[in-house]
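Engineer: Sharing a model that was predicted from the sequence below.
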Amino acid sequence: MVAATALIGCTVVQDTLQVGQREFTYETSADAEESSESFRFQGFLPDDGTDVRLIAQLDGHAAVMRWTSPTVFTSEHCTEATVTSQPEIQAEWLPDPLPTEGVACSTWTVVRSGGTQVAWVNEPEE
């Protein structure tokens with residue numbers, strides 16, 4: 001009981017002060033889009049996406065997400081690119097190695113490994 005209370009207290013502090021990072025998981029894209037965290041996915045998820053995962057720094061400086069889908073991610077705001085960055089946030093579910101070809105979408109990078117797609121944003125260097 002004490003551990004559960006401490007965990008809940010930690011989450012409340014993180015959310016209130018916007019520090020640390022949190023992981024969000026959803027069975028489908030629809031579940032993610034209907035959640036209170038839908039803003040974090042910024043239009044990346046296709047309608048047929050499943051096994052949706054996201055780890056976000058609560059201060060907004062970095063995030064990494066993944067989803068499974070037969071639909072290849074495309075956007076008019078992205079261009080094909082050689083991938084030279086890696087996510088600042090490490091996750092056990094990232095493909096190893098990360099693909100070296102993907103798309104660049106402003107500060108976001110998106111890569112595909114089989115049916116798994118991964119997107120990450122890093123804080124722009126100043």
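Structural biologist: Looks like it arrived, so ask away.

Engineer: quick one, strands of the chain?
Structural biologist: All strands of the chain, identified by DSSP state E, fall at 21-28, 50-57, 63-68, 79-82, 101-105, 108-113, 116-121.

Engineer: what about the shortest one, average pLDDT?
Structural biologist: By that I understand strand 79-82. Across strand 79-82, the average pLDDT comes to 96.

Engineer: Residues touching it, excluding its own?
Structural biologist: Strand 79-82 has contacts (Cβ atoms under 8 Å, 6 or more residues apart in numbering) with 100-104, 109. Backbone N, C-alpha and C define where each C-beta goes, glycine included.

Engineer: So what are the sheet partners of that strand and their directions?
Structural biologist: Taking DSSP bridges as the criterion, strand 79-82 sits next to strand 101-105 (antiparallel) in its sheet.

Engineer: can you give me how far the strand it pairs with is from the chain middle?
Structural biologist: 15 Å (Cα atoms, centre = their mean, to the nearest Å).
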